[in-house]
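[1] I'll drop the sequence and a predicted model, then ask my questions.
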Amino acid sequence: MTASSRRFTLSRRRLLTGAASLGAGVIAAPYVARAEEPVLNVTGWGGKWGEVMKAEIGPAFETEFKCKLKTDTALPFLPKLQASSRSAPIYDVLHTNSNEQWAAVEMGLVEPKVDPKLVPNMADLYPYAVSDKIVGVCIFTSAIGLGMRTDKGYANISSWKELWDAKYNGVRGGYVIPVNSLGQAFLMMCGTLYGKGQTDLDAAYAALEKLKPIKLVDFTGAMEKLFLSGEVGLGVIHDSGIYRYDGQNQPIDFVTPSEGVLSLEQVLSITPGSKVKELGNAYINYMLRPDVQKRLAETVWYSPANKRVKLDAKYDAKLLTTPEKVSKLIQVDWKWYNAQKDEIDSRVNRIFRA
Amino acid sequence: MTGLVSPQHTQLARPVELAAASALRSQATPRRWGRRLYLAANIAILTFLLAPIAIVIVFALNPTPFIQFPPVGVSLRWFEKFFASRDFMQALLFSLEVAAMTTVAATVLGASAALAIARGNLPGSRLIVATMLSPLMLPAILTGLALFQSYVLLDVGRPVWGLVAGHTLVTIPYVVRTTLAVLHNFDVRLEEAAQNLGASPARTFVEVTLPLVKPGVMAGGIFAFIVSFDQFPVSLFLVAPGSETLPITLFNYLKFDLDGTIGAASVVSILLAFLVVIALDRTVGLRSYVKL
């Protein structure tokens, strides 16, 4: 054999064989990796929530349950879940706000309820966390009420209706209702305040008309900035959006109106096609554990759904941690809302465009 | 010459010159106005293009956690926060990696396709061009969703190569378009001359064809890098947990924390785009493709 014949030559056959092997390897890689340890695919938030989940709570769960926790924090979750196979969904546990959970359950993407026998910590939850307004199980809630600047000389606010006071023209804040769940919940509150109840849309529309002029934002976080900059003096916001600036000497405060606060729930549910349902239930149970609830609640100022959680004094004073405080929560009928969403979107767009 | 002109001629010429000068002046006035208008329009367009960048810079340097105008001071706190954040740094590096891989893939595939289209005498070449450019006509978010569904059907998850493939798909049209533009004015006789002088087809390609199409390929490559680095809609569906690109990380961040870190990240992105262009200019030279 000559030296030249021993030299490597790239024939078409070799190239095709190599490419086919590489392709097969790439396709097989996920299966090989999957065989090593169970993987739980969940959704989750970014920001502080994401930081503490990634740094502490997620790794502790992985160690305890000898699995890999993969958290997708890149929205939109629902279209991704919808696009994936029902028998092999992209997520095992879906974490979203309540409105999206209702949309998911209507499409058959998540199971309507979590079995309390498989999630023992559900025995310690406040009733709102497992009510008929909840798909899956609620692990935390925020209170949607009013935020106000404390340096503008406004009198004490006690009612939602004060938002309609003409003296707040130009400094009133709200949300783009079609894209923001706080705005959607507030629309239902308008029906309660000025009509026969949450579903009284005519009363809600009339109230929204009278609310103009109003500064509207799409992202919930943007409202906080409007408060901090002083562009908004009184507006709709969740308590966590105000309390997170606690200790930073900002002239803002949260008001719990006498009519009650709307519930902005953090909900977990299991997908029907999940291959690791046992692990999914373990994850939900873990997220409801008092120590995990306490850590997250004190990080992001969410009210824990587990009534056995004992928060530090400063959090306990402000968050919904007693049956009396929890009784102020008003849950939204998202199933009904989602069914009317197209009509509502079209109408509120007309109201605020004019 | 003036010495040869008689006084009579001079006398006659003067009114003609004056009339001509007057006509020129009357023509020059609208031309001057036209030039001023043209200048004003250019300044307006430049202002329109640069104003968002200026606002981003002000936001990034403002110490307050919200956009405030006029700014109350200058601070680098948001840059510190950006560079200290492990998530942002991972995302920045990952975006650079993806953009680099995309640039290579889109440049090789796009330039090869353009050469084949322009020189291959392919049947239905117009249809092929339209197909190659079609990713630009489809909303990128649908491209992302379609690719995501394909990967789900193939059960391959959301691998990095899948993200690079998605980016390559939407960046190939830029390379095809710019390379075709160069090939349109390509003088085939240069290649024929090289071959007549004894050069093999391979040598002709490397020493004649490639240098001549390089400006178009490079321009396409730069577009590919920038489009991939800033790509949001395609990445939205294709990024895997823990491997998010910078635009996705920024989007997730601003849902919860709308502070100057977003501005700092944007300034860094803009500077990186500039650096890439400067680096390419220094290494391969970009002046030639400015003619495009």
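    Thanks, I have it.

[2] Which residue does the stretch 1-150 of chain B have closest to chain A?
    Proximity of the stretch 1-150 of chain B to chain A (Cβ to the nearest Cβ) peaks at residue B:66, 4.0 Å away. Yep, even glycine has a C-beta here, placed from its N, CA and C like the rest.

[3] give me the number of residues near residue A:253?
    Burial of residue A:253 is recorded as 15 neighbouring residues (other Cβ atoms under 10 Å in any protein chain shown).

[4] hey, what's it bridged with?
    Beta-bridge pairing for residue A:253 (DSSP bridges): residue A:148.

[5] and the closest residue to residue A:88 other than its chain neighbours, what are its phi and psi?
    Setting aside the residues directly before and after it, residue A:88 is nearest to residue A:273 in space (Cβ to Cβ, 6 or more residues apart in numbering or on different chains), at 6.0 Å. Main-chain torsions, residue A:273, degrees, to the nearest 10: phi -90, psi 10.

[6] quick revisit: for the residue of the stretch 1-150 of chain B closest to chain A, the count of nearby residues, please.
    So residue B:66, with other Cβ under 10 Å, has 18 neighbours.

[7] Kindly report the same for residue B:217.
    Residue B:217 has 23 neighbouring residues, counting by other Cβ under 10 Å.

[8] give the contact list for the residue nearest to residue A:88.
    Applying Cβ atoms under 8 Å, 6 or more residues apart in numbering or on different chains to residue A:273 gives the contacts A:85, A:86, A:87, A:88, A:89.

[9] Buried by neighbour count, from these: which ones?
    residue A:89 (16 or more other Cβ atoms under 10 Å in any protein chain shown).

[10] a markdown table please, covering the contacts of residue A:273 and showing pLDDT and secondary structure.
    As requested, these are exported to a markdown table (pLDDT from 0 to 100; DSSP: H, G, I helix; E, B strand; the rest coil):
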| residue | pLDDT | secondary structure |
| --- | --- | --- |
| A:85 | 86 | coil |
| A:86 | 88 | coil |
| A:87 | 88 | coil |
| A:88 | 88 | coil |
| A:89 | 92 | coil |
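
[11] Export the contacts of residue A:273 to CSV and append columns for distance to residue A:250.
    Listed next are the contacts of residue A:273 as CSV, based on distance: Cβ to Cβ, whole Å:
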residue, distance to residue A:250
A:85, 47
A:86, 47
A:87, 50
A:88, 47
A:89, 42
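
[12] Wait, the residue of the stretch 1-150 of chain B closest to chain A touches residue A:228, no?
    Yes - here residue B:66 reaches residue A:228: they are 5.0 Å apart, a contact under Cβ atoms under 8 Å.

[13] just the helices in the stretch 1-150 of chain B please.
    Ranges of helices in the stretch 1-150 of chain B, per DSSP state H, counting those that start in this stretch, are B:7-61, B:77-84, B:86-119, B:125-137, B:140-154.

[14] list the helices and strands the first one packs on?
    In this case it means helix B:7-61. helix B:77-84, helix B:260-283 (3 or more Cβ pairs under 8 Å, 6 or more residues apart in numbering or on different chains; DSSP states H and E).

[15] Now do residue 156, the pLDDT please.
    With no chain named, the answer covers chain A. At residue A:156, the model reports a pLDDT of 87.

[16] switch to chain B, that's the one I care about
    Per-residue confidence (pLDDT) for residue B:156: 86.

[17] So whatever residue of the stretch 251-354 of chain A ends up closest to chain B versus residue A:53, what's the distance?
    For the stretch 251-354 of chain A, the residue closest to chain B is residue A:300, as judged by Cβ to the nearest Cβ, at 8.9 Å. Per Cβ to Cβ, to the nearest Å, residue A:300 is found 10 Å from residue A:53.

[18] Could you list the residues of the stretch 101-250 of chain B in contact with chain A?
    Neighbours of chain A within the stretch 101-250 of chain B, by Cβ under 8 Å from any Cβ of the partner chain: B:145, B:148-149, B:152-157, B:159, B:161, B:236-237, B:239-242, B:244, B:248-249.

[19] cutoff 10 Å now
    By Cβ under 10 Å from any Cβ of the partner chain, the residues of the stretch 101-250 of chain B that approach chain A are B:141, B:144-146, B:148-159, B:161-162, B:235-245, B:248-249.

[20] Now the buried members of those residues.
    B:144-146, B:148-149, B:151-152, B:156-159, B:162, B:235-239, B:241, B:243-245, B:248-249.

[21] burial count for residue B:263?
    For residue B:263, the count of nearby residues is 21 (other Cβ under 10 Å).

[22] Kindly state the pLDDT recorded for it?
    Confidence score, pLDDT, at residue B:263: 88.

[23] quick one: stretch A:247-267 to chain centroid distance?
    Its chain's average C-alpha position is 16 Å from that of stretch A:247-267, according to Cα atoms, centre = their mean, to the nearest Å.

[24] Next: stretch A:121-140.
    Counting by Cα atoms, centre = their mean, stretch A:121-140 comes out at 15 Å from the chain centroid.

[25] cool, and stretch B:238-255?
    For stretch B:238-255, the gap between its own C-alpha mean and the chain's C-alpha mean amounts to 23 Å (Cα atoms, centre = their mean).

[26] can you give me the end-to-end distance of it?
    Chord length of stretch B:238-255, first to last residue, is 20 Å (Cα to Cα, to the nearest Å).

[27] sorry, back to before: closest to residue B:96 out of the helices and strands packed on helix B:7-61?
    When the helices and strands packed on helix B:7-61 are compared by Cβ to Cβ, helix B:260-283 sits nearest residue B:96, at 7.6 Å.

[28] would you list every one of the strands in chain A?
    Ranges of strands within chain A are A:39-43, A:68-72, A:93-97, A:137-149, A:172-175, A:215-217, A:234-238, A:252-255, A:261-270, A:303-304, A:329-330, based on DSSP state E.

[29] Around chain B, which positions in the stretch 201-350 of chain A sit nearby?
    For the stretch 201-350 of chain A, the residues in contact with chain B (Cβ under 10 Å from any Cβ) are A:217-231, A:240-241, A:244-245, A:248, A:250, A:300.

[30] make it 8 Å
    Checking the stretch 201-350 of chain A against chain B by Cβ under 8 Å from any Cβ, the hits are A:219, A:220, A:221, A:222, A:224, A:225, A:226, A:228, A:229.

[31] Buried ones among those residues?
    Looks like these have A:219, A:220, A:221, A:222, A:224, A:225, A:226, A:228 buried, using 16+ other Cβ under 10 Å.

[32] how about the last one, what does it touch?
    Read that as residue A:228. Residue A:228 sits next to A:245, A:250, A:252, B:64, B:65, B:66 when contact means Cβ under 8 Å, 6+ apart.

[33] Quick check: the first one touching residue A:254?
    Spelled out, that is residue A:245. No - contact criterion Cβ under 8 Å: residue A:245 and residue A:254 do not qualify, at 10.2 Å.

[34] Low-confidence regions, chain B specifically.
    Flagging of chain B using pLDDT under 70 yields the residue ranges B:1-13, B:24, B:26-27, B:283-292.

[35] Looking at it, what residue ends up closest to chain A?
    Nearest to chain A, among the residues of chain B, is residue B:256, at 3.0 Å (Cβ to the nearest Cβ).

[36] Not counting sequence-adjacent ones, nearest residue to that residue?
    Closest residue to residue B:256 apart from its sequence neighbours, by Cβ to Cβ, 6+ apart: residue A:47 at 3.0 Å.

[37] Count the neighbours of the one you found for me.
    Other residues within reach of residue A:47, judged by other Cβ under 10 Å, total 18.

[38] Got phi/psi on residue B:236?
    Here is the backbone geometry of residue B:236 (degrees, to the nearest 10): phi -50, psi -40.

[39] how far away is it from residue A:76?
    Going from residue B:236 to residue A:76 by Cβ to Cβ gives 7 Å.
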